[in-house]
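K.L.:
this one's structure only:
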């Protein structure tokens, strides 16, 4: 080999093994086939579709093969959905992450009934968006128990509008997203060696100082990751925006627009365009958050992780 | 900060009370939603009152017949089991390679497996569904299984990689030094050690697949709808949707199925340890 | 038990992405021998062991067992046994089943497996723990299981990768004796990797000292202890004082050197020159603490022998029958041993006989490994 004092006696197999290539890599093949056939290929196909607009689209919006993109940016009915989606997904993700931190901190300690409580918090994952929507419509509707209780107690005189609007979708996003954020944050929190906090305690740090100076910096990368994953969940809201929201008004999110083009107008090219723009918008947020994260502490958290 | 014991009283700080208040509110909402649906599903009629006037189980039999729930539940379970089996069979070997080996292009492959998890399902779902329809697979069971594999395989890989990483590689070397061939190392040593992880991943994929709405909805049709999709179609059917109680009954059936699966899952694995294999604060 | 004449390594090398983790390892191991590979972490000793085991493919050289080439065989077909630093017991199998695993892989009849497992477990004195899982055993017990698992197969060669480094000090001594006893009673050819010179010296018939993937010296324990070929080997063999110096003159195998930075500017020592050197060369002087004679300085001035170094006592440690003394002279701390404790802060003079002061060239690259014919 290069500059070796002696002739390399290794076979090709060994020289490949030196770089980490050996027959065990074949185990990756089925996974790669699935990823390529069901993800990469359709995705590239979809990108190709976006520049094959229908004749009607070209006529209406111009721009030649980019008619779909022109339509996306200039049709306010479609383009406004970007802002609508962000107005829902960003606050929902932020709330879920920020609310999870204190809850996870409290539930970190040992107490009776912890397992039950954890299970209760995880419960909504089983409900799914569709059932949550159905429950919200009944529970928080005009005739629901919430409005009934508030009316009976005399706090309000007219029933509150809690569903079929922005608020309804927000409720739904918190109920399904919070448990998820909580699970992730608990997991990150348990990766922080408790002896670090005990060490800080012996150095005279109060609980807020311990949280602010020790736990928070170690948790920050985990917070960023959790935010990203929760945001992805909230960003693609679809059933709840339709069922408990105001589908043609203030909760006209991008996924609804994409589905309208796909299922109702059968314009696969425009549907793919909206879907891809959705991915692009999300990517911008994700990259921004992960970029912020890389500025934060990235070392070990002192746990066995 | 005089309290130095781990089990300090909960009344220690106002912030603790704040957390408990928030959790109580969350619990009230959650229970309210659940109980409202259950009560509704057993109600004869329920309009402008605290509780429905009279109870009945008729809604269940009616919903069962009307939505052909026998078939729908069969499709749901069948699709879920197929997706679990395939994604485990495909994902675990890949997770093994990613956990153990370092090779050129590893980061690119990791990214490829991570992308479907980070992307909104609709973004790849719509092009994927378009491809399915153009191959003539639209509204078939095959299509439903295939689209569900896209997030499931990466999910298995991401879940299993830390499980595999925590197994000391020297154990595999030791088995080889004892004369075990590659296949025997897998079946006699790795498989038994990975059973808890595989079980956890399997149950989580099952729960996800049963609950996954967006992707299934894009490619399913009569005869290949899963339970969630059937409920959604019931709620949004033309003409203001089906009777609310029928939907509630269906939802209860759905939740019951899910709950059973999650309870089983929690018996095998502590959910907070799925993301990273870390020590808990010595509890349980 | 060993059923071969000799195991030969010819120019064995392993390269990781352009870096030689191991290169040009030539070694002949005879049946029944106990060979230790010694060196700090990253010196290539574990790479060598893994290459021998077959867990890492070679990139250079050949391994032959009685002339038959084995480096192309996968580990499971070489018939070697291995004991790992982390024990590497199968956590889901009981002690018995761990030990039986290899025999089952060979497809032996049940009755034979049972009797051989029982024998091996008795050999490592774990009879009462046979049904337990590895997690229920102490570190020392786990390592004994690992040893039983390796020897039950009657391997032609046992490879041990720092088997004692995860144990505490007392257990380490016990296990060392245990390994020596097993080696002597079973006559197993053993290759033992360690970074602990005491372990290597007390266990091995022959030692191989390695540095940066290359062999520095091969020899019996007393050869290495008495005549190290470089200051690097000397450092490993307990020459705790390794001092940089400059050669003043060389004559008849003796070198006069000057230590820089000592208190009175230019202390001169005479020592045995090991390797080629000339006046003005930079060298390292190696002296063992026990070779220093410590005398309290009465009037100063150097006397006789190899020359002397004066300094102030800065540390005294009690070590049972003797005391370890740290003497500060200029920037350097010298280590010596005495039976009577000097006063801390007192001035002392250290002297050593000429033949116990070894002078080595500073560069280690020129060292030619000596394969001592056995």
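P.N.:
Thanks, I have the structure now. As the structure is a computational prediction, the values presented were derived from the model and not from experiment.

K.L.:
and the residue of the stretch 51-200 of chain B that's closest to chain A?
P.N.:
residue B:127 (2.5 Å; Cβ to the nearest Cβ). Quick note: C-beta positions are derived from backbone N, CA and C, even for glycine.

K.L.:
quick check, that residue in contact with residue A:278.
P.N.:
No. Taking contacts as Cβ atoms under 8 Å, residue B:127 lies outside contact range of residue A:278: 11.7 Å.

K.L.:
just the pLDDT at the residue nearest to residue B:169 when sequence neighbours are not counted, thanks.
P.N.:
Leaving out its chain neighbours, the residue that sits closest to residue B:169 by Cβ to Cβ, 6 or more residues apart in numbering or on different chains is residue B:100, at 6.5 Å. pLDDT for residue B:100: 88.

K.L.:
residue B:100 and residue B:167 touch, don't they?
P.N.:
No. Here residue B:100 does not reach residue B:167: they are 9.3 Å apart, not a contact under Cβ under 8 Å.

K.L.:
which of the two has more residues huddled nearby?
P.N.:
Comparing residue B:100 with residue B:167 by neighbour count (other Cβ atoms under 10 Å in any protein chain shown), the higher total belongs to residue B:167, at 18 against 15.

K.L.:
ok, the more buried one - contacts?
P.N.:
B:190, B:193-194 (Cβ atoms under 8 Å, 6 or more residues apart in numbering or on different chains).

K.L.:
what of residue B:190?
P.N.:
By Cβ under 8 Å, 6+ apart, the contact list for residue B:190 reads B:96, B:167, B:172.

K.L.:
specify which member of the contacts of residue B:167 is nearest to residue A:229.
P.N.:
Nearest to residue A:229 out of these is residue B:194 (Cβ to Cβ; 24.7 Å).

K.L.:
ok, and the closest non-adjacent residue to the closest one?
P.N.:
In space, residue B:194 is closest to residue B:163, 6.3 Å off (Cβ to Cβ, 6+ apart).

K.L.:
what is the burial count for that neighbour?
P.N.:
23.

K.L.:
so which helix or strand takes in it?
P.N.:
Using DSSP states H and E, residue B:163 falls within helix B:141-165.

K.L.:
flag the shaky bits of the chain, pLDDT-wise.
P.N.:
Going with chain A. Scanning chain A for pLDDT under 70 picks out A:1-20, A:110, A:296-305.

K.L.:
my bad, chain B
P.N.:
For chain B, the stretches with pLDDT under 70 are B:1-13, B:238-242, B:261-262, B:264-284.

K.L.:
interface residues of it facing chain C?
P.N.:
By the rule Cβ under 8 Å from any Cβ of the partner chain, the part of chain B lying against chain C is B:168, B:170-171, B:173-181, B:184, B:188-189, B:192-193.

K.L.:
so residue 158: helix, strand or coil?
P.N.:
Since you didn't name a chain, this refers to chain A. coil (DSSP: H, G, I helix; E, B strand; the rest coil).

K.L.:
that's the other chain; I wanted chain C
P.N.:
Counting by three-state DSSP, the backbone at residue C:158 sits in strand.

K.L.:
closest residue of the stretch 201-350 of chain C to chain B?
P.N.:
Relative to chain B, the nearest point of the stretch 201-350 of chain C is residue C:213 (19.9 Å; Cβ to the nearest Cβ).

K.L.:
can you name the helix or strand that the residue nearest to residue B:156 when sequence neighbours are not counted falls in?
P.N.:
Closest residue to residue B:156 apart from its sequence neighbours, by Cβ to Cβ, 6+ apart: residue B:91 at 3.0 Å. If you go by DSSP H and E, residue B:91 is part of helix B:69-100.

K.L.:
quick one: residue C:73 is in a helix?
P.N.:
No. Looking at residue C:73 with three-state DSSP, it is coil, so not inside a helix.
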